[in-house]
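A.B. asks: below: sequence and its predicted model.
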Amino acid sequence: MNIIGRLTKNAEVSTTANGKEVVNFSIAVNDSYKNKEGERIEQTAFIDCSYWLTPKAVAFLEKGLLVELSGRISARAWIASDGTARAGINFHTSTIKPLGRPATREQQQSAQATTAVKKTKTTTAVASDDDDLPF
């Protein structure tokens, strides 16, 4: 399976009880669709990832980095300390391909502003009842 997303924070290395090192990180995957009313709905999924091949990967896995990952997904369930049932997924990464540098704060703010402008334009276009369409 392949997924593309941005790291939500810097990766960390942890060591298992057996002495094996694993790089842990999380990515955000954005998706959007139009609902029945024609409104664009934005969704973000957060996926926990683990990389077992080498702890050296932690050196370049920085918050905001866009990456393409190959691997497999697994589901897990547990009971939290407060007694509630919890569930999550983990992406067991076999290949990490950086697709660019981490986005700077200015780039992130610019992207958010651009998205807001696009949403406004889409809403305006959908709200318009013009019959002068060229098609």
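C.D. replies: Now that the structure is in, tell me what you want to look at. Quantities reported herein were computed from a predicted structural model and do not represent experimental measurements. Numbers count the residues shown, from 1 in each chain.

A.B. asks: can you show me the strands along this protein?
C.D. replies: In the chain, the strands defined using DSSP state E lie at 2-7, 12-15, 21-34, 40-51, 66-79, 85-98.

A.B. asks: residues in contact with the residue most central in space within the chain?
C.D. replies: By C-alpha atoms, centre = their mean, the chain has its centre lying nearest to residue 28, at 1.5 Å. Contact analysis of residue 28 by C-beta atoms under 8 Å, 6 or more residues apart in numbering lists 5, 6, 8, 44, 45, 46. The way it works is simple: take the backbone N, C-alpha and C, and place the C-beta from them, glycine included.

A.B. asks: of these, closest to residue 96?
C.D. replies: Here the nearest of these to residue 96, counting by C-beta to C-beta, is residue 5; it sits at 11.5 Å.

A.B. asks: contacts only, for that closest one.
C.D. replies: With contact taken as C-beta under 8 Å, 6+ apart, residue 5 is in contact with 27, 28, 29, 30, 47, 66, 67, 69.

A.B. asks: burial measure for residue 60, as a count.
C.D. replies: 13 (other C-beta atoms under 10 Å).

A.B. asks: CA atoms of stretch 86-104 as PDB?
C.D. replies: Output of stretch 86-104 as PDB, limited to C-alpha atoms (Å, rounded to 0.1, in the frame of the first residue of the first chain):
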ATOM      1  CA  ARG A  86      -9.700   2.400  22.000                       C
ATOM      2  CA  ALA A  87      -8.800   1.500  18.500                       C
ATOM      3  CA  GLY A  88      -6.200   2.700  16.000                       C
ATOM      4  CA  ILE A  89      -4.300   1.900  12.900                       C
ATOM      5  CA  ASN A  90      -0.500   1.700  12.300                       C
ATOM      6  CA  PHE A  91       1.300   1.900   9.000                       C
ATOM      7  CA  HIS A  92       4.300  -0.500   9.000                       C
ATOM      8  CA  THR A  93       6.600   1.400   6.600                       C
ATOM      9  CA  SER A  94       9.000  -0.400   4.400                       C
ATOM     10  CA  THR A  95      10.000   2.500   2.100                       C
ATOM     11  CA  ILE A  96      10.100   6.200   2.800                       C
ATOM     12  CA  LYS A  97      10.400   8.600  -0.100                       C
ATOM     13  CA  PRO A  98      10.700  12.400   0.800                       C
ATOM     14  CA  LEU A  99       8.800  14.500  -1.700                       C
ATOM     15  CA  GLY A 100      10.100  17.800  -0.700                       C
ATOM     16  CA  ARG A 101      11.400  19.900   2.200                       C
ATOM     17  CA  PRO A 102       9.300  20.500   5.300                       C
ATOM     18  CA  ALA A 103       6.900  23.400   4.800                       C
ATOM     19  CA  THR A 104       7.900  26.500   6.700                       C
END
